[in-house]
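K.L.:
fold the following.
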Amino acid sequence: MMITAIPEAKVNLKSSLIGAFFGTILWGLARGAFTEGASYVIRMSKLYGSIAVIPIFLFWLYLIWIIIFLALEISYVHQHYKQMENRDYEKNQTPLQNVELGFSIFMMIAEHFDTGKSYTSVSEISKSLLIAEDSVNNFINNLSSSDLIYIPNESSGKIFPSRSLNKILTKDVLISIMGTETSTEIDDSVSKIIKDFFTPGYEKIGASTIEDYLNQK
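P.N.:
Numbering: from 1, shown residues only. I've put the predicted structure just below:
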């Protein structure tokens, strides 16, 4: 119950049971060690007095919280190990793969909204696309700052498109993921080349919307 209730995100039952199993074993070992330590303090109370119990009690609290956090960590690793395995792959992604991933994340949010599947969350996207939640959050932050998605309450994890899908341009989603601004520190001619490269692509997409894209699938 502790492993399920303490984390803000949803914890799978199997992962919580595995974490609880190892946590219970460590708790039992720690309890045995504490019993021996307390007995020793009682035997030595004639020399140090009852005040010796205080550091033993404080160390017990410290040890118990280490066990709790370790059990939570075990549960987290078990639940997210597939996404964690892909961290190195995500770091080595090409710019094109990065754009594809960002667009896939938004389309997942849009499809859930379009088909009436309650809502999409970061953990659900992470699990479905097998990528780390940190990577998902980076794209979510960009989409949110571009006013393309709406998050009513961060603690709830619910993510919705910010408006009707027929009013969200495909071009705007790509711009949010790739950006259009160039660094002020580079040469103007380089900046012009980059803009000349992106502009025809955006113009070709034109006024097509996310709804148009979903209808073509």
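K.L.:
lowest average confidence, helix or strand, in this structure?
P.N.:
helix 87-91 (a mean of 55; mean pLDDT, DSSP states H and E).
K.L.:
and the top helix by length along the chain, what does it pack onto?
P.N.:
Across the chain, the longest stretch assigned as helix under DSSP state H is helix 53-85. When contacts are defined as 3 or more Cβ pairs under 8 Å, 6 or more residues apart in numbering; DSSP states H and E, helix 53-85 sits against helix 2-5, helix 13-43, helix 122-129. Every C-beta, even on glycine, is put in place using the N, C-alpha and C of the backbone.
K.L.:
tell me which residue lies nearest the centroid of the chain.
P.N.:
What sits nearest the mean C-alpha location of the chain, by Cα atoms, centre = their mean, is E133, with 2.6 Å.
K.L.:
for that one, what are its contacts?
P.N.:
Residues in contact with E133 (Cβ atoms under 8 Å, 6 or more residues apart in numbering) are 80, 83, 122-123, 126.
K.L.:
could you redo the last one with a cut-off of 7 Å?
P.N.:
If you count contacts by Cβ atoms under 7 Å, 6 or more residues apart in numbering, E133 has them with 122-123, 126.
K.L.:
of those, which is the most crowded?
P.N.:
S126 (23 neighbours; other Cβ atoms under 10 Å).
K.L.:
measure that one to I3 for me?
P.N.:
Separation of S126 from I3 (Cβ to Cβ, to the nearest Å) stands at 19 Å.
K.L.:
equivalent analysis for E133, please.
P.N.:
18 Å.
K.L.:
and if you look at S176?
P.N.:
36 Å.
K.L.:
read off the pLDDT value for P161.
P.N.:
According to the per-residue confidence, P161 scores 90 in pLDDT.
K.L.:
okay, and the beta partners of it?
P.N.:
With DSSP bridges as the criterion, P161 is bridged to I149.
K.L.:
you'd agree it is up against M108?
P.N.:
No: counting by Cβ atoms under 7 Å, P161 sits too far from M108 to count as a contact (11.1 Å).
K.L.:
tell me the domain ranges of this protein?
P.N.:
Using automatic domain parsing, the domain ranges for the chain come out as 2-84, 88-216.
K.L.:
looking at these, which one has the lowest mean pLDDT?
P.N.:
domain 88-216 (a mean of 78).
K.L.:
point out the most buried one among the helices and strands packed on helix 53-85.
P.N.:
Most buried of these by mean neighbour count (mean count of other Cβ atoms under 10 Å) is helix 122-129; its value is a mean of 19.
K.L.:
dump it to PDB, restricted to CA.
P.N.:
Taking Å, rounded to 0.1, in the frame of the first residue of the first chain, the C-alpha atoms of helix 122-129 are listed here in PDB:
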ATOM      1  CA  VAL A 122       3.000  11.000 -19.900                       C
ATOM      2  CA  SER A 123       3.300   7.600 -18.400                       C
ATOM      3  CA  GLU A 124       1.000   6.100 -21.000                       C
ATOM      4  CA  ILE A 125       2.900   7.700 -23.800                       C
ATOM      5  CA  SER A 126       6.200   6.500 -22.300                       C
ATOM      6  CA  LYS A 127       4.900   2.900 -22.000                       C
ATOM      7  CA  SER A 128       3.400   2.900 -25.500                       C
ATOM      8  CA  LEU A 129       6.400   4.400 -27.400                       C
END
